[in-house]
Structures are given as C-alpha cells and as structure tokens.
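**Student:** what follows is a predicted protein model with its sequence.
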Amino acid sequence: MVWLGLAAAGLSITFVGMLRGLVGGLVLRYSFFYAYLLSTFVGNALVVIFWSLHSASIDRWYWVLQFLTLLIGCGIILEIFRHALSPYGGAEKFATAVGLVTLGGVFCFAFLYRVLAPPSSQALFELERNVRTVQAILLFGILAVVSYYGIPLGKNLKGLIVGYGLYIVTSLAALAIRAYAGPRFNATWNVVQPLSFVVSLGIWLVAFWSYHPNPAPDPGIPLEDDYEALAKRTRRALAELTRGVRP
C-alpha cells in the first residue's frame, strides 16, 4: 500500500527530527512543535500496528488519532506567535489570546454539533476543514504582520511556517475536492495528505537540524506602539458601549 510506505517514511523522518531536537537542545525552545511531532509519531505508529493486526479497525482508530493530532497541531500556530512576536509582549499576548479563543470556539462548536446532530461520517472531515481554515487565517494573519513591520525570522521559524503552511494549504485543497467528489476521492486522499506531511517533515528536518535564533529586531519597529494605541481605542470603545447600554 502506498500510504503504508508514506507512513513508514514519515515515522523515519520524524524519529530523526526528534533525535536532532534532543541533541541540539531545540525541544525546550520549540516545545509545542516537538509535542506535535511526538503525537504524530505515536499516532502513525499505532495506525501501522492496527493495520498489521486487524485492518478492519483502522478507520475508527485513524480518525481518533487524527483528531488528537489536529488538536495538538494547533499548538504550532501558538508556537509561531510566540517566537515571531516574542520581542513585543503585548502583541504576543493579544495574538495568543485571539488564537486560543478562535480555535477553542471551533472545537466547542464541533463537539456540540457532534452531540446534537445525527451521526455522520462527514463530521470529522468537516471538523478538520474548519480547523484548518482557522489555522490558515491565523497563519496568514501573522505573516501579514511580519511582512508589514519587517520582523526578521530565523531559519527555524521560517522552516516551521513553510512546512506547516504547505501542509495546511494541501489539506484544505484535498478536503475541498473530497467535499465535491465524495467517498470516491478517499483513495487519492489516503495518498495526498500523508505525502504532503512527509514533504513538510523533510522541510522541518532541514530547518531544525540545528538551532538558529531569530535575528534581533529593529528597535524602531512600531508594532508595540501600534498595539498599545489599538488597545486604548478598544478600551475606550468598550467603555462608551457600556455607558450606552446602562439603564
């Protein structure tokens, strides 16, 4: 099976990447990222084991593991926020809070939908599509901020963004095609998604072979000043709104 070969390749690259992270001391610096790598390594290993023992049960376990890695993968977005905006404390806290609230809202809605709506084989596909969409919006948002203010990024962070961005875009495209084509796209899906992930793993392996900190930002970048101005305007607007609705 093609997906089995891709799973084996992914396991090998992930293992080497985690080993290099331990040797190079990157695990503590990029804790969310390596937690994600560990979760995907365990998940792929279990899928291969389940398939070897009893292939009929693989679909159920695959989606359980897929949901868990999808949840943990949200930490990569927070990792990008943390490292890209670390010199700007206020902006970093704001971006992290927005990311947590948005992603938390998606998962809560998906949980309630799953409980209240009739069971559907499309539910997990829809959940992944919604989460990937939110991740893409947050990722492009931080890239817009980085580009607009000229915030310098190191090799590690660039590789993290490129690898995860590629995986998100590929997954969204495959999910959109599957929504149109239906189950007949499953065979292609079982190749496209693991293949894109193996490519992302290759990018990460190169980018995280050793530690490369972000260059020191230009002290003249006005990001924190702009954030403080925005925060003041928001507090002022909320105060006026509160006075307006007070009986």
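**Tutor:** Now that the structure is in, tell me what you want to look at.

**Student:** can we go C-alpha only for contacts and neighbour counts from here?
**Tutor:** OK.

**Student:** correct me, but residue 84 touches residue 153?
**Tutor:** Yes. The criterion here is C-alpha atoms under 8 Å, and residue 84 meets it with residue 153 at 6.9 Å.

**Student:** low-confidence ranges, this structure, go.
**Tutor:** Applying pLDDT under 70 to the chain flags the ranges 1, 3, 53-63, 110-123, 224, 226-227, 230-231, 233-247.

**Student:** for it, which segments count as helices?
**Tutor:** For the chain, the helices defined by DSSP state H occupy 2-24, 31-53, 58-84, 89-116, 123-149, 155-181, 186-207, 223-245.

**Student:** hmm, back to that, look at residue 84 and residue 153 and report which has more neighbours.
**Tutor:** Taking other C-alpha atoms under 10 Å, residue 84 and residue 153 do not tie; residue 84 has more neighbours (22 against 18).

**Student:** sorry, back to before: now render the helices of the chain as CSV, adding distance to residue 216.
**Tutor:** Shown next, in CSV, are these (distance: least, C-alpha to C-alpha, whole Å):
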stretch, distance to residue 216
helix 2-24, 21
helix 31-53, 22
helix 58-84, 11
helix 89-116, 15
helix 123-149, 14
helix 155-181, 13
helix 186-207, 19
helix 223-245, 14
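
**Student:** residue 213: which of those is closest?
**Tutor:** Of all these, the one in closest proximity to residue 213, counting by C-alpha to C-alpha, is helix 155-181 (7.3 Å).

**Student:** now the angle from the closest one to helix 58-84?
**Tutor:** Helix 155-181 runs at 140 degrees relative to helix 58-84, counting by axes from the mean of the first three to the mean of the last three C-alpha atoms, to 10 degrees.

**Student:** and residue 8, how many neighbours?
**Tutor:** By the criterion of other C-alpha under 10 Å, residue 8 has 15 neighbours.

**Student:** how close does residue 215 sit to residue 203?
**Tutor:** Residue 215 is 20 Å from residue 203, where distance means C-alpha to C-alpha, to the nearest Å.

**Student:** so which of those two has more stuff around it?
**Tutor:** Counted by other C-alpha under 10 Å, residue 215 and residue 203 do not tie: residue 203 has more neighbours, with 19 against 11.

**Student:** which ones are touching the more buried one?
**Tutor:** Applying C-alpha atoms under 8 Å, 6 or more residues apart in numbering, we find residue 203 in contact with 159, 162-163.

**Student:** closest one of these to residue 41?
**Tutor:** Nearest to residue 41 among those is residue 163, at 16.5 Å by C-alpha to C-alpha.

**Student:** give me the number of residues near that closest one?
**Tutor:** For residue 163, the neighbour count with other C-alpha under 10 Å is 22.

**Student:** contact partners for residue 221?
**Tutor:** By C-alpha under 8 Å, 6+ apart, the residues touching residue 221 are 149-151.

**Student:** please apply the same query to residue 30.
**Tutor:** residue 79.

**Student:** just to revisit the earlier point, JSON lines for the contacts of residue 203, including distance to residue 91?
**Tutor:** As requested, the contacts of residue 203 are exported to JSON lines (distance: C-alpha to C-alpha, whole Å):
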{"residue": "159", "distance to residue 91": "22"}
{"residue": "162", "distance to residue 91": "22"}
{"residue": "163", "distance to residue 91": "24"}
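
**Student:** and which of the residues you listed is nearest to residue 35?
**Tutor:** Nearest to residue 35, judged by C-alpha to C-alpha, of the contacts of residue 203 is residue 163 at 15.9 Å.

**Student:** how close does the closest one sit to residue 198?
**Tutor:** Distance of residue 163 to residue 198, given as C-alpha to C-alpha: 10 Å.
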